[in-house]
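*Asks:* Next input, structure requested:
(2 chains)
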Number of protein chains: 2
Amino acid sequence: MKEAVIAVVYPDIDTFDEHVEAVLNMVPETRCFPGCIEAHAGINRTRFEIVVFHLWESNDHLERYLVWRADRGDLDARSATMRREQDFRTFSVP
Amino acid sequence: MKEAVIAVVYPDIDTFDEHVEAVLNMVPETRCFPGCIEAHAGINRTRFEIVVFHLWESNDHLERYLVWRADRGDLDARSATMRREQDFRTFSVP
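*Replies:* This next block holds a predicted model:
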């Protein structure tokens, strides 16, 4: 079954633009990762929130992607300047 | 600019399957609505949550869609049996 990810990111306000740039740069890489069907990022400058939406062919593909991101340190780099922990949720897509 | 919507729905536990069916039935209609680029629904049976993700050509297209849904009463019908208010957020997509 396909797997969707929604992650809402809450950067420190003074690092918001850097987070936006970093997240937007990650999207094309994510789309090229094996098993990725869709990847989009959205910005809300009123609430200072960034959302990432991914759709994967399976949970296994998603898990391999997350290990790859963790190994590169991409997620640690971002979480150092967040005003609260990101809201990361997965869902099965029939 | 494109506009994304993320809505997380928290149905009453005993109406969860009915909500899943109703939300899944709405997705093909949403995809056919003018200006809709993407529409997906995901299910999490551990947290009893349903997520809806839409991507629209513009905020105007999204607004027209929401008016159409409201006029049909689709959203009222669902909200009557939710254990908490849905989390509805919009984002600009560069």
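*Asks:* wait, does the longest strand belonging to chain A contact chain B?
*Replies:* Across chain A, the strand with the greatest residue count (assigned by DSSP state E) is strand A:82-93. Yes: shown here: strand A:82-93 in contact with chain B (Cβ under 8 Å from any Cβ of the partner chain) through A:89-93. All C-beta atoms are positioned from the backbone trio N, CA, C, and that covers glycine.
*Asks:* Now, of these, which are buried?
*Replies:* Members of those that pass the buried threshold by neighbour count (16 or more other Cβ atoms under 10 Å in any protein chain shown) are listed as A:89-91, A:93.
*Asks:* biggest separation within these, which pair?
*Replies:* Taking Cβ to Cβ as the measure, those reach their widest spread between A:Arg89 and A:Val93, a distance of 12.8 Å.
*Asks:* one step back: could you single out the nearest of the buried ones among the residues of strand A:82-93 next to chain B to chain B?
*Replies:* Nearest to chain B among those is A:Phe91, at 2.6 Å by Cβ to the nearest Cβ.
*Asks:* Please name the residues that touch the closest one.
*Replies:* Residues counted as contacts of A:Phe91 (Cβ atoms under 8 Å, 6 or more residues apart in numbering or on different chains) are A:3-6, B:42-44, B:49-51.
*Asks:* now with 6 Å?
*Replies:* Applying Cβ atoms under 6 Å, 6 or more residues apart in numbering or on different chains to A:Phe91 gives the contacts A:4, B:42-44, B:51.
*Asks:* Which residue is the nearest non-sequential neighbour of A:Val20?
*Replies:* For A:Val20, ignoring the flanking residues on the chain, the nearest one in space by Cβ to Cβ, 6 or more residues apart in numbering or on different chains is A:Ile43 at 5.6 Å.
*Asks:* is it true that the one you found lies in a helix?
*Replies:* No: secondary structure of A:Ile43 (DSSP: H, G, I helix; E, B strand; the rest coil): strand, not part of a helix.
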